[in-house]
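Undergrad: What would the 3D arrangement of this be:
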Amino acid sequence: MTAIRKTSLQVAYFQGFTNLTTDLCTSNDRFGINEIKPFLRFFTKMVLEEITADIRFVSEHDKNVWWYDGERISFRSTNYATILYAMQSMPSLSISQIKEITGINTSAIQKLLDLLISKRYVERNESDGSWRVFITPSEM
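TA: This next block holds a predicted model:
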């Protein structure tokens, strides 16, 4: 069964559950259940988003898709992925080595690194200059 089909079935199951719960709320208001409808809508949306993200996490495999702090990060340029994979395999990577690996100029590398650092996907150890990568690839 494909990932999309699984997602559709799980979403349909969850929506069926929430429809049943909503029906119970409308048909049996003598307990004041209608008061929880706003929370039920919020909770339904939150759980649905979480299930969808979890399914994407385990089923999506792309060199440019990474995960950080529960969020899906998709890079437009393959240079990010190339640099991140290199940092993971060689933590003491220098900018000149990155230039050799990627084939792009130093100023472009610096812009890429600035973004990765500002988003806190990576950090450089001040004592030995090694890289720590906090972002997780979807393709393992």
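Undergrad: Please identify the helix or strand for the residue nearest in space to the middle of the chain.
TA: Per C-alpha atoms, centre = their mean, the C-alpha nearest to the average position across the chain is that of residue 72, at 2.0 Å. Remark: residue 72 resides in strand 71-74, with elements defined by DSSP states H and E.
Undergrad: Give me the sheet partners of that strand and which way each runs.
TA: Paired with strand 71-74 in the same sheet, following DSSP bridges, are strand 65-68 (antiparallel).
Undergrad: Tell me the confidence at the residue nearest to the centre of the chain?
TA: pLDDT for residue 72: 84.
Undergrad: Contacts only, for it.
TA: Under the criterion of C-beta atoms under 8 Å, 6 or more residues apart in numbering, the contact partners of residue 72 comprise 53, 56-57, 60, 65-66. Any C-beta I mention is one placed from the backbone N, CA and C, and that applies to glycine too.
Undergrad: Which residues are in contact with the nearest residue to residue 68 once chain neighbours are set aside?
TA: Nearest residue to residue 68, sequence neighbours excluded (C-beta to C-beta, 6 or more residues apart in numbering): residue 135, at 4.4 Å. Residue 135 makes contact with 66-68, 73, 84, 116, 121-122, according to C-beta under 8 Å, 6+ apart.
Undergrad: so where do the helices sit in the chain?
TA: 3-27, 37-59, 78-89, 95-102, 106-118 (DSSP state H).
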